[in-house]
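In: Provided below for reference: sequence and predicted model.
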Amino acid sequence: MSRAMRILASLVVIAIVAVALGVFIIRGPGPLDFAGGTKVALADYRAGKPTGVPAKLEKASLVERGEYLAKAADCMVCHTKPGEKDYSGGLGFKLPFGTLYSTNITPDKDTGIGNYSDQDFLNAVQRGKRHDGARLYPAMPYTSYTYMSDEDVLAVKAYLFSLPAVRAKAPENTLSFPFNQRWAMMFWSAVFNPDTRFAPDASKSPEWNRGAYLAEALAHCGECHTPRNLGFALDNRKKFAGAITAGWHAFNISSDKATGLGNWRDEDLIAYLSLGHAPGHGSASGPMGEAVDHSFSQFAPEDIRSIVAYLRSVPQVASPDLPATTAPVAPASHKDGVTADARGKKVFASACASCHGWSGESPVSPTATLTGTWAVNDPAATNVAQIVLSGTKRHTPDGALSMPAFGEAYTDDEIAAVANYVTARFGTKGSKLTAKDVAELREQTAE
Amino acid sequence: MATNLTINGETKSFDAPPEMPLLWVLRDILGMTGTKFGCGIAQCGACTVHVDGKAVRSCVLPVSAVANRAITTIEHVGSTPSGAKVQKAWLEAEVIQCGYCQSGQIMSAAALLATTPNPDDADIDAAMAGNICRCGTYVRIREAIKQAASGRQS
């Protein structure tokens, strides 16, 4: 070998090592690596059954089991455009580099997945590979679904194929270069998709393993609640530490006491997941409201408890942007408490006070109480502004309670002012939103 | 579903879905049409009633949320001390023009006086901002609330 060749060869080796090291560093740990216990193959795990459906559905038909799992994986919310047929796709995800539309997953042969074989479906859900070989964008959380067992994925397929075929073609994506190069997702997938099935942890309880499977493989909590790394993949070094997703703040759900779930009681977590409201902690809205309505509220009680057991084990990660404690109840009179932002107060008096009260404790319903919620204690006020823009609807066992959307009724300036007033009056630290911030939030929400 | 509500001190029983707004129950089922429908999204105040003495918008309030709570409507507010004062002042100051929003205005004013017997302008603004009047009777509303508070004649 000549000297030049040797230098070239060393450079190539160095480059390969550097790339491999870079990939290793960026990729970080997997979603379950924190547990650190002994993993066993699913087939060899005898202590319990982490996959599949709860006991009451054990004897149910394949389609019924698939329905439970499809709801647990929350397929419908993303694959349905509001007002259109279930699972017929077309929901737009506004990203900084264009809009991505969800696909029709009804069994229509031309516009849906009617031609998918079992293997095609497994490839799409677990590997992000389409029937025609093209790559899916990771807006489809296949890096989470990859942990689903083949049996469960195919049960979901059986359920989807039992639904009426809907002819509906999603609009073309409007992504800009280089993001419109689907083939490049091959490299993304090679680095960030573990393409591996759930492996139980023998050192943990059967309940924990069921919770881990539900939270990671199906409910894909991390897709919103875990911050992303340089490659837009989940950064599990800060697992469940909270992130901004689709213009909403998905708060810290690690076991951190001050800013995570560490101080929530089990019954609070159970109520929040199954009803979308926990007394003193506020109500689920935006994407989490949808997750509760279409997914968690349909879970069997023992599955909710498993998720709670699992969440408890996720290591503490603090959110430095949030206060250590939430603010207490505000004074009953409008005159006491903060006086800043006269304009925000004016909007609050006319549009908000009749339901939320001047103290923040709603005279109408505990679901409308502002005191104690992360939204009003978040100095970024993201979710306060979002809920004012788009409203919310909570389905409770006693019926639905809704807040109207004010996005069309008020200017960005007024919404910023009322959000700043609300966070100052009911939270620990007032926000400093501007009209521009509100305009950006409008842009980020899904269509 | 059979529902019981305590309205104006009486127990009323009726069939209504739990998510039906209280306003619909009042007007369409119980025939109590003094409470008005305005915007339907808690933004105009025409539908204001009292729940445990607090002014709330009945158009967005599911009937299931007010079980076991004391509801007072415009039909009965005159028999509460603050409601009686407000109604008297309203007549003396001739507040009303077309009248559509006025049952809501009176309910909000009565709730204000029950907790704040001598409201200043800022208190009135804070309590009445959610009640809109198309005729623009705001000046007379403010005057009547002050009259009701002080007990003086116009």
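Out: Alright, I've got the coordinates.
In: drop to CA atoms for contacts and neighbour counts, all remaining ones
Out: Noted.
In: residues contacting residue A:43?
Out: Contact analysis of residue A:43 by CA atoms under 8 Å, 6 or more residues apart in numbering or on different chains lists nothing.
In: Identify the bridge partners of the closest residue to chain B within the stretch 101-250 of chain A.
Out: Closest residue of the stretch 101-250 of chain A to chain B, CA to the nearest CA: residue A:248 (23.5 Å). On the basis of DSSP bridges, residue A:248 is bridged to residue A:245.
In: what residues does chain B put near chain A?
Out: Taking CA under 8 Å from any CA of the partner chain as the contact definition, chain B meets chain A at B:18-19, B:41-43, B:51, B:54-57, B:60-62, B:64-66, B:123, B:125-131.
In: at 6 Å instead, please
Out: Within chain B, the positions near chain A by CA under 6 Å from any CA of the partner chain are B:18-19, B:43, B:56, B:64, B:126, B:129-130.
In: Going along the chain, name the strands of chain B.
Out: B:2-7, B:10-15, B:48-51, B:54-57, B:70-72 (DSSP state E).
In: now for the last one, which elements pack on it?
Out: Think strand B:70-72. strand B:2-7, strand B:48-51 (3 or more CA pairs under 6 Å, 6 or more residues apart in numbering or on different chains; DSSP states H and E).
In: so what's the residue nearest the centre of chain B up against?
Out: The centroid of chain B falls nearest to residue B:107 when counting by CA atoms, centre = their mean (2.6 Å). Counting by CA atoms under 6 Å, 6 or more residues apart in numbering or on different chains, residue B:107 touches no other residue.
In: In chain B, which residue sits closest to chain A?
Out: The nearest approach of chain B to chain A comes at residue B:130, 3.8 Å away (CA to the nearest CA).
In: Look up how far residue B:129 lies from the residue lying closest to that residue once chain neighbours are set aside.
Out: Leaving aside its chain neighbours, residue B:130 sits nearest to residue A:350 (3.8 Å; criterion: CA to CA, 6 or more residues apart in numbering or on different chains). From residue A:350 across to residue B:129, the span is 4 Å (CA to CA, to the nearest Å).
In: Repeat that for residue B:114.
Out: Counting by CA to CA, the gap from residue B:114 to residue B:129 is 17 Å.
In: Let me know which of the helices and strands packed on strand B:70-72 is tucked in deepest.
Out: The highest mean neighbour count among those, using mean count of other CA atoms under 10 Å in any protein chain shown, belongs to strand B:48-51: a mean of 26.
In: Dump that one to CSV, restricted to CA.
Out: Extracted C-alpha coordinates of strand B:48-51, given in CSV (Å, rounded to 0.1, in the frame of the first residue of the first chain):
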residue,chain,number,x,y,z
THR,B,48,-77.0,34.9,33.4
VAL,B,49,-78.4,33.1,36.4
HIS,B,50,-77.1,32.5,40.0
VAL,B,51,-75.6,29.2,41.1
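In: for that strand, packing partners?
Out: strand B:54-57, strand B:70-72.
In: about what we covered before: can you flag the weakest of the strands of chain B by average pLDDT?
Out: Among the strands of chain B, strand B:2-7 has the lowest mean pLDDT, at a mean of 90.
In: Name every strand pairing with that strand and say which way it goes.
Out: strand B:10-15 (antiparallel), strand B:70-72 (parallel).
In: Residue A:88 reaches residue A:107, doesn't it?
Out: No: assessed by CA atoms under 6 Å, residue A:88 is found out of contact with residue A:107, at 9.4 Å.
In: how many neighbours does the closest residue to residue A:395 other than its chain neighbours have?
Out: Leaving aside its chain neighbours, residue A:395 sits nearest to residue A:401 (6.5 Å; criterion: CA to CA, 6+ apart). Neighbour count for residue A:401, taken as other CA atoms under 10 Å in any protein chain shown: 22.
In: same check, this time on residue A:181
Out: 11.
In: ranges for the strands of the stretch 51-200 of chain A?
Out: Along the stretch 51-200 of chain A, counting by DSSP state E, counting those that start in this stretch, strands occupy A:92-95, A:98-101.
In: Which residue, neighbours along the chain excluded, lies closest to residue A:285?
Out: Closest to residue A:285 by CA to CA, 6+ apart is residue A:392, at 5.9 Å.
In: Could I get the contacting residues of the one you found?
Out: A:285, A:402-403.
In: hmm, try it at 8 Å
Out: Residue A:392 neighbours (CA under 8 Å, 6+ apart): A:285-286, A:289, A:402-405.
In: Next one, pLDDT for residue A:196 please.
Out: For residue A:196, the pLDDT comes out at 95.
In: isn't it right up against residue A:149?
Out: No: contact status for residue A:196 versus residue A:149: not in contact, 9.3 Å apart, counting by CA atoms under 8 Å.
In: Tell me which of those two has more neighbours.
Out: For the pair residue A:196 and residue A:149, the greater number of neighbours falls to residue A:149 (21 against 15), based on other CA under 10 Å.
In: I'd assumed residue A:374 was in contact with residue A:327.
Out: No: counting by CA under 8 Å, residue A:327 does not reach residue A:374; the two are 9.7 Å apart.
In: More neighbours: those two, which one.
Out: residue A:374 (26 against 20).
In: how much space is there between residue A:240 and residue A:50?
Out: The value you get for residue A:240 to residue A:50, if CA to CA is used, is 21 Å.
In: who has more neighbours, these two?
Out: Ranked by neighbour count (other CA under 10 Å), residue A:240 and residue A:50 place residue A:240 first, with 29 against 24.
In: List the contacts of the closest residue to the more buried one other than its chain neighbours.
Out: Nearest non-adjacent residue to residue A:240, counting by CA to CA, 6+ apart: residue A:226, 4.3 Å away. Contacts were defined as CA under 8 Å, 6+ apart; by that measure residue A:226 touches A:234-236, A:238-243.
In: So residue A:226 versus residue A:387, what's the distance?
Out: 22 Å.
In: same question, residue A:216
Out: 27 Å.
In: same question, residue A:100
Out: From residue A:100 to residue A:387 the distance is 23 Å (CA to CA).
In: State which one residue of chain A is found closest to chain B.
Out: Chain B sits closest to residue A:350 of chain A, with a gap of 3.8 Å, by CA to the nearest CA.
In: so how many other residues sit close to that residue?
Out: 21.
In: OK, contacts around it?
Out: Here residue A:350 is in contact with B:43, B:126, B:128-131 (CA under 8 Å, 6+ apart).
In: residue ranges with poor pLDDT in the stretch 301-447 of chain A?
Out: Within the stretch 301-447 of chain A, the ranges that satisfy pLDDT under 70 run A:339-340, A:398, A:446-447.
In: same check, this time on chain B
Out: The model of chain B has pLDDT under 70 over residues B:1, B:153-154.
In: just the stretch 1-150 of chain A next, same as before
Out: Those would be A:1, if you go by pLDDT under 70 across the stretch 1-150 of chain A.
In: Nearest spatial neighbour of residue A:160, chain-adjacent residues omitted?
Out: Nearest non-adjacent residue to residue A:160, counting by CA to CA, 6+ apart: residue A:106, 6.1 Å away.
In: let me redo that: residue A:257
Out: residue A:263 (5.1 Å).
In: What segments of chain B are helices?
Out: Secondary structure of chain B by DSSP state H: the helices cover B:22-24, B:81-92, B:102-115, B:121-128, B:138-150.
In: any residues touching the fourth one, and which ones?
Out: Applying CA under 8 Å, 6+ apart, the contact partners of helix B:121-128 are A:334-335, A:346, A:349-350, B:105, B:108-109, B:112, B:142.
In: Buried ones among those residues?
Out: Buried subset of these (neighbour count, 16 or more other CA atoms under 10 Å in any protein chain shown): A:334, A:346, A:349-350, B:105, B:108-109, B:112, B:142.
In: For residue A:365, grab the count of nearby residues.
Out: Using other CA under 10 Å, residue A:365 is surrounded by 15 other residues.
In: This completes my enquiry, with thanks.
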